[in-house]
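Novice: Turn this into a structure:
(2 chains)
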Amino acid sequence: MTGWLIKGASILGRERADVLVESGRITGMGADLAAGDATVVDADGQILLPGLVDLHTHLREPGREDAETVASGSRAAALGGFTAVCAMANTDPVADTAGVVEQVWSLGRDAGLVDVQPIGAVTVGLAGSQLAELGAMAASAAKVRIFSDDGHCVSDPRLMRRALEYVKAFDGVIAQHAEEPSLTAGAQMHEGAVSARLGLAGWPAVAEEAIIARDALLAGHVGSRLHVCHVSTAGSVEILRWAKSKGWRVTAEVCPHHLLLTDELAGSYDPVYKVNPPLRTADDVAALRQGLAEGIIDVVATDHAPHTLEDKECEWSAARPGMLGLQTALPIVIHTMVEPGALDWDGVAERMSRTPARIAGLTEHGRDPAVGGPANLTLVDPAARWTVVPSELAGPSRNTPYSGMTLPGVVTATFLHGRPTVLGGKLTESAS
Amino acid sequence: MNRHLLSAADLDRDTATLILDTARGMAAAMTGREVRKLPTLRGRTVVNLFYEDSTRTRVSFEAAAKRLSADVVTFSAKGSSVSKGESLKDTALTLQAMGADAVVVRHSASGAPHRLTEWLDGSVVNAGDGTHEHPTQALLDAYTIRERMGRLEGLRVAIVGDVLHSRVARSNVHLLTTFGADVTLVAPPTLLPVGVTDWPVDVSYDLDGVLPKVDVVMMLRVQRERMNDSFFPSAREYSRRYGLDTARMARLPGEAIVMHPGPMIRGMEIAAEVADSARSVIVDQVANGVLVRMAVLYLLLSGEKGSMA
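Specialist: Purely as a prediction, here's the structure:
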C-alpha cells in the first residue's frame, strides 16, 4: 500500500511539517520529507489536527433510515473532519441491548468512513424505569463505554445513582440529557422574553440546571464519571464550575448551535430552529463560549439530529426538535471561538478530538500527529469560506439552521486509519 | 404592513387607525340598507380554516365576508393536523389550488398562520393561534373602546386573568400600547409569562387596588382545568381574588366599562350581574367584531394587490 505525504501543514497551528502516512500510521514527520512512492497532499497554509471525535451523533439507523443512515451519517462525518462519532441510542429499536449496539457498530464498519462507536441506552426503551443490560453492551463487540438516554433525562434520582455506580465496573460514563421533565411538559422554546411574546410554552433554564446540580452531587457522592450532554445555559456553566472545583469527575459538552444561535430565531416560527435543549439568549451564548474557552465545558459535540422534511415542514409545536451538525461543527467553532481569539488550534484539538476521545475510551483517536501514532487526521483550510446550501449536504435530511450562511474553514482532507476518506474537500472515490 | 394580518404587533398606529375608521365606514354604509350587503368583494374567495372549535369567531368572519359579497368556504379541520391526518402544508396547497384569495385561520399551534404564509399566495388572517395572538379581537376591542370612550390615547386599561395562555391579551397589549393607552395586567403570578417584564405594561397582583384607577377593565377567560396544573389552588379561590363581582365593579370610576372577549364563564372570572350590567359592552364587542373583520378583509383584498399600508 502506497502512502500519503501531507506537505507543509501547520501542526495544530504551530510548526510547519511534512507528515508521511503509511499503513495506517504516521511514519515520518519533519521538514522537506521525500515523497518517494507516496502521493503528495499539498497542505500549504492549512492546519493539521487529530481527527475530530463527536460524542453526540444521531445516525437514526435502525428505524428512521428516511432521515439518516449509518452510511449517510458517516459521509457527513467524514466531510466534517470527523474520524469517530458516538451514535446515540434513541433509535427504533432502542440501542438498549448488545444486539442493537453490535448492529450499529457493524454498519459503521461496513460504511468504513468513520469509526462509529455506539452509545448504549441507560434504561430499557429509554423509559427511565429499569436499567438496560449495560454490562452486556460493554462486553459486546461494540465495547460500549458511554451510556445515555439522550432525548430523555434519567430523571429518577435513585435510578441515576445506580447507573452511575454500576458502570464503574467497566469504566463507563453516564451521559445525561439534563432536563427535569415535569418542568418542561409541552415546552417549545427557551422560557424568557421571546417565548412570552411568541406564545410558545417555555423550557426554563432551571430545568437543565437543577438536574446538572443533582447529578454532579450524585457523581461526587459515588465517585463516578458523569458527562453532561448539550449544556445550554449560563447557569449550567456556573454549576459545572462549582462541580469541577470539588474535584468530581464531571465533564460537559456544548453544541455548535448553542455557541452561535439565539432564541430570537424562533420568531419566524420555522421549526428548523427548534432543538432540545432550545436555543437560549445572547447572554447564555456568551457564557457558553467563555466556559468552553476556560475548559469548564470540556467538549464540543454536534448533537447532529437529522429529520425528514415532513417532521420540519409543519407547525412549530408539531415539529421534531433537532438540527444537522456534522458538516458545520468545525466551521462554527472557528467562527465563534478561533477567529475571536477565544481558542487556539490546540484548544480546538483538545475540545473536539483529544478530550472526547478520552471520554469515549477511543484510544486510536484524539492523538496529536506523532511518528508511530495512528493516522486519524483532519486537514482544514482556515482561510477558505463556504456557504451552506442544505441540498448540498450529505445525507437525506435538510434541517440545517445555517442555510445561506457563509462560514470559515473548509475540511480539505480527512484520514481514517491512514486512508483518506476526504480529499480536496470531497469524499474520496473509494468512500463515495 | 404586508398582505397578511398575523400579529397586532405588525400594525403601526396609522394602519390600525385606518382599520378602525374603515370599520366605522362599514357601519355607516350598512345602515339604512335593505339588503345588508356591499358588493365590494364580489368574486373573491375567503376560506375559513378552523382547526379549533370557535363558533363565534367563525360566524363573525363568515358574516363579515358575506356582507362584502365574497364567496365563503368553511373548512373545518377539527382535531388539528398536529395529531394526525393531512399536514398543514398539504391543506395550504389544496386551498392554494382552489384559488383562495384570503385564508382566515384558527389553530391551536402558535405560529401556524406564519407557517401558512410560506405556502399560500393569498392573504392570511390570524383568527387566533394557540397562545400567541388574536389580532382581530384586539381590533374589535379597540373599536369598541373608541366608540364608547371617544378615544384610546391616555386611557387606562386593566387586562385581568390568564395572561400566560391568552392570545387576546398579547394582541391587546400590542395594539392598545400602539394607540397610547396605559395597560395594566392583573393576574396571579403563575398566570403571567416569565418574560412579561419586557412588555410595555404595568403588572399588578391586586385587582382591588387597580380597579379604582382604570377606564376599562377587560376580563379574560380562565379555564377551570388550569387548577389541575397548579396555576391556582381552586376555582373558588381564583374567583375570590381575581373575579369581577358586583362589589368589585363598584370600585370602578363612574364611566368605566367592562369587557370580555367571550366565551364567558359566569361565576368564574365574571359575575352574571356584571356581565349584564350597564357598564358591560360585551354585546357591542360581538357586533363590532363583524365590522372590524369586514374592514380587515376589505383592506387586504381590495385595492392595489391587497395592502393595508
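
Novice: Just the C-alpha atoms of stretch A:164-178, please, in CSV.
Specialist: Presented in CSV, the C-alpha positions along stretch A:164-178 are these (Å, rounded to 0.1, in the frame of the first residue of the first chain):
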residue,chain,number,x,y,z
LEU,A,164,-23.6,6.0,37.8
GLU,A,165,-22.4,3.4,40.2
TYR,A,166,-23.0,0.3,38.1
VAL,A,167,-20.9,1.4,35.1
LYS,A,168,-17.8,1.9,37.2
ALA,A,169,-17.3,-1.9,36.8
PHE,A,170,-16.2,-1.3,33.2
ASP,A,171,-15.1,2.3,33.3
GLY,A,172,-18.3,3.5,31.8
VAL,A,173,-19.8,7.0,31.9
ILE,A,174,-23.4,8.2,32.0
ALA,A,175,-24.1,11.0,29.5
GLN,A,176,-27.1,12.8,30.9
HIS,A,177,-29.7,14.7,28.9
ALA,A,178,-30.3,17.2,31.7
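
Novice: Excluding chain neighbours, give the residue nearest to A:His417 in space.
Specialist: Counting by C-beta to C-beta, 6 or more residues apart in numbering or on different chains, A:His417 lies nearest to A:Gly24, which is 4.6 Å off, once chain neighbours are set aside. In this view, the C-beta of every residue, glycine as well, is placed from N, C-alpha and C.

Novice: try B:Gly111
Specialist: A:Tyr269 (3.0 Å).

Novice: And that neighbour, how far from A:Val380?
Specialist: 35 Å (C-beta to C-beta, to the nearest Å).

Novice: where does the residue nearest to B:Ser69 when sequence neighbours are not counted land in three-state SS?
Specialist: Counting by C-beta to C-beta, 6+ apart, B:Arg42 is the residue found nearest to B:Ser69 once chain neighbours are left out, at 4.3 Å. B:Arg42 falls in the coil class when you classify it by DSSP: H, G, I helix; E, B strand; the rest coil.

Novice: quick one: contacts for residue 152?
Specialist: Let's take chain A. Listed by C-beta atoms under 8 Å, 6 or more residues apart in numbering or on different chains, the contact partners of A:His152 are A:Asn90, A:Leu126, A:Gly128, A:His177, A:Pro181.

Novice: Chain B was what I was after
Specialist: Counted by C-beta under 8 Å, 6+ apart, B:Leu152 has contacts B:Ala142, B:Ile145, B:Arg146, B:Leu176, B:Phe179, B:Gly180, B:Ala181.

Novice: next one: phi and psi at the closest residue to A:Ser268 other than its chain neighbours?
Specialist: Distance criterion C-beta to C-beta, 6+ apart; nearest residue to A:Ser268, sequence neighbours excluded, is B:His114 at 7.0 Å. Torsion angles at B:His114 (phi, psi; degrees, to the nearest 10) stand at phi -60, psi -40.

Novice: Hmm, B:His114 is touching B:Asp10, no?
Specialist: No - B:His114 is beyond contact range of B:Asp10, at 10.8 Å (criterion: C-beta atoms under 8 Å).

Novice: higher neighbour count, those two?
Specialist: B:His114 (22 against 17; other C-beta atoms under 10 Å in any protein chain shown).

Novice: gap between that one and A:Gly267?
Specialist: To A:Gly267, B:His114 is 9 Å away according to C-beta to C-beta.

Novice: ditto for A:His177
Specialist: For A:His177, the distance to A:Gly267 - C-beta to C-beta - is 26 Å.

Novice: So which of these two has more stuff around it?
Specialist: More neighbours surround A:His177 than the other of A:His177 and A:Gly267, with 25 against 14 (other C-beta under 10 Å).

Novice: In contact with the more buried one, which residues?
Specialist: A:His177 neighbours (C-beta under 8 Å, 6+ apart): A:Ser148, A:Asp149, A:Asp150, A:Gly151, A:His152, A:Cys153, A:Val154, A:Cys229, A:His230.
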